[in-house]
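Student: Coordinates only, no sequence provided:
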């Protein structure tokens, strides 16, 4: 552990008896660490001291009956303002989070909230690739990505490498697009 840094509590067998206690201690230590490091950097130039985010991705992989949800809720009770928490998934959140939603402590962003409009897609393409701004190209890219921003980002990266004519054919699912362009980009990396 680097100088001045503290180990976070580990989930050792003795804590399994009282998982809520371990969870509370972990989240308290994590949040205190984040906030104290934020206070130390406030005087430094070019430092972002706005706040922090904890991100839990692929929430759809956790079964609704899993104790993970109650454990996470226990920990979230210790998260102070200045730290945002994101639970990302492809399905609606578990009913375990209904209380947070009912008390306006949790907001939901769905596909319709995140989906880029045709106009937004066109503006991004024109900004990043003015040479590909032909209306036919924009229409094709929008039809393929259907407003999916990650797909648009991947397609624009591929467009820069290969040009318009080698883009993935129309009719692919978002997963196929992600796999295709992701593998194309990652295959070029060492």
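Tutor: Sure, I can see it. Quick caveat, the model's predicted, so the values are computed rather than measured.
Student: quick one: the helices in this structure?
Tutor: Assigned by DSSP state H, the helices in the chain fall at 13-16, 19-41, 68-76, 98-102, 111-114, 118-128, 135-145, 149-162, 174-187.
Student: which of those has the lowest average pLDDT?
Tutor: Ranked by mean pLDDT, the helices of the chain end with helix 174-187 in last place, scoring a mean of 63.
Student: so can I have JSON lines of the helices of the chain showing mean neighbour count and distance to residue 85?
Tutor: In short, each C-beta sits where N, CA and C put it, glycine included. Shown next, in JSON lines, are the helices of the chain (neighbours: other C-beta atoms under 10 Å; distance: least, C-beta to C-beta, whole Å):
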{"stretch": "helix 13-16", "mean neighbour count": "10", "distance to residue 85": "22"}
{"stretch": "helix 19-41", "mean neighbour count": "15", "distance to residue 85": "10"}
{"stretch": "helix 68-76", "mean neighbour count": "17", "distance to residue 85": "6"}
{"stretch": "helix 98-102", "mean neighbour count": "12", "distance to residue 85": "10"}
{"stretch": "helix 111-114", "mean neighbour count": "9", "distance to residue 85": "18"}
{"stretch": "helix 118-128", "mean neighbour count": "15", "distance to residue 85": "27"}
{"stretch": "helix 135-145", "mean neighbour count": "16", "distance to residue 85": "28"}
{"stretch": "helix 149-162", "mean neighbour count": "17", "distance to residue 85": "21"}
{"stretch": "helix 174-187", "mean neighbour count": "14", "distance to residue 85": "25"}
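Student: Now that we have those, can you turn them into JSON lines and tack on distance to residue 52?
Tutor: Shown next, in JSON lines, are the helices of the chain (distance: least, C-beta to C-beta, whole Å):
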{"stretch": "helix 13-16", "distance to residue 52": "24"}
{"stretch": "helix 19-41", "distance to residue 52": "5"}
{"stretch": "helix 68-76", "distance to residue 52": "14"}
{"stretch": "helix 98-102", "distance to residue 52": "19"}
{"stretch": "helix 111-114", "distance to residue 52": "22"}
{"stretch": "helix 118-128", "distance to residue 52": "28"}
{"stretch": "helix 135-145", "distance to residue 52": "31"}
{"stretch": "helix 149-162", "distance to residue 52": "23"}
{"stretch": "helix 174-187", "distance to residue 52": "28"}
